[in-house]
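K.L.:
compute the structure for the input listed below.
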Amino acid sequence: MKLYNKAEQLVINALEKVDNKNDITHAKRTVHWVKQLRPDADEALLVAAVSHDIERAIYGDWKKGSADPEALRKHQNLSATEIEKFLKGEVADNNFIERVKYLVAHHEEGGDDDQNILCDADCLSFFEDKSLRRVKKWKEQGKTKEEMRKNMDYYFSRIITPKAKNIAKKWYDEALQEIERE
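P.N.:
Predicted coordinates:
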């Protein structure tokens, strides 16, 4: 777990430097949810979980929750490239580097079993920590109930496995209740 510990510290340091404590929590909780969904997760999956949004520390949150496939692809690729640079600097095994890149490059939509776990863990971390705050912020911005519902539905629809959907359901329902609250 030597590489995981170093990757986690990289993420924490990078996000602290740009005063982004919310994404530190998000990264750590994504790792937590990977471990819940896949107790035997290997180090590469854990490194991918902690670093999946690393590009935000470098390029800022330029996509701002966009569902645009091109923006999501760019976000994934930038994060994959940044963690690849770090792992090469740590002289990690090429197979390990490629596996981490592969996982990070598909964390928004999933794909194979491990990509699905990472996608679901990312979504669970979002719902657990950010969904209510996001709805309250949207309300302050004057978004309509329909717009807010559509966004929450989109985030919930990204969850792939039934286990993760069951876990996220309570937070999803809380967000929907907040949307309806006057």
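K.L.:
tell me, what residue is most central in the protein?
P.N.:
residue 122 (3.5 Å; C-alpha atoms, centre = their mean).
K.L.:
output the longest helix belonging to the protein.
P.N.:
helix 69-89 (DSSP state H).
K.L.:
show me where the chain has strands.
P.N.:
Here the chain has no strands by DSSP state E.
K.L.:
any regions of it where pLDDT drops low?
P.N.:
Within the chain, the segments meeting pLDDT under 70 span 62-66.
K.L.:
go with 90
P.N.:
The chain contains residues with pLDDT under 90 at 1, 20, 22, 59-72, 129-130, 132-134, 182.
K.L.:
measure residue 92 to residue 4 for me?
P.N.:
As judged by C-beta to C-beta, to the nearest Å, residue 92 and residue 4 stand 11 Å apart. Using the backbone N, CA and C atoms, a C-beta is placed for each residue, glycine as well.
K.L.:
neighbour count winner among these two?
P.N.:
Taking neighbours as other C-beta atoms under 10 Å, residue 92 and residue 4 compare with residue 92 leading, 23 against 19.
K.L.:
please, where are all the helices along the protein?
P.N.:
Going by DSSP H, the chain shows helices at 2-17, 21-37, 43-51, 55-59, 69-89, 94-104, 113-129, 131-140, 145-157, 162-180.
K.L.:
buried deepest among the ones you listed, which one?
P.N.:
helix 43-51 (a mean of 26; mean count of other C-beta atoms under 10 Å).
K.L.:
ok, and what's touching it?
P.N.:
1, 3-4, 7-8, 10-11, 27-28, 30-31, 33-35, 38, 41, 79, 82-83, 86-87, 96, 99-100, 103-104, 107, 114, 117-118, 121-122 (C-beta atoms under 8 Å, 6 or more residues apart in numbering).
K.L.:
that'll do, ta.
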